[in-house]
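1. predicted structure and sequence below. I'll ask about it afterward.
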Amino acid sequence: MTTVATQRLIDAAAALEEADRALLNLLVTRGLDNDALARLARVNAAAIVARRERIVHRLSDQLGLPPDQVRDALDEIRVAALQPPA
């Protein structure tokens, strides 16, 4: 993913509702998986998966990209965010 595309995704995420931005932050930049986040939020993992998919589709609509591309981009950001500093 290019820096421009990453910045577009970040900008689109900034337009999400606060609760959705917080969930995305925990999933992407903090590396929590669905089960860990479900325990933290005291909901079942299926609720987290459904909410994450809703967020992906909102970002997809805003960016004019297929949901799979948005998922892949979020995964790339997650992997990069979890790398130890060089």
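-> Yep, that arrived.

2. tell me who's in contact with the residue nearest to residue 49 when sequence neighbours are not counted.
-> Closest residue in space to residue 49, ignoring its immediate chain neighbours: residue 34 at 5.7 Å, by CB to CB, 6 or more residues apart in numbering. Using the backbone N, CA and C atoms, a C-beta is placed for each residue, glycine as well. Counting by CB atoms under 8 Å, 6 or more residues apart in numbering, residue 34 touches 45, 48-49, 52.

3. turn the residues you listed into TSV, including pLDDT and neighbour count.
-> Formatted as TSV, these follow (pLDDT from 0 to 100; neighbours: other CB atoms under 10 Å):
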residue	pLDDT	neighbour count
45	95	14
48	95	23
49	95	13
52	95	19
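
4. and the residue most central in space within the chain, how far is that from residue 85?
-> Central residue of the chain (CA atoms, centre = their mean): residue 24, 4.0 Å from the mean position. Per CB to CB, to the nearest Å, residue 24 is found 22 Å from residue 85.
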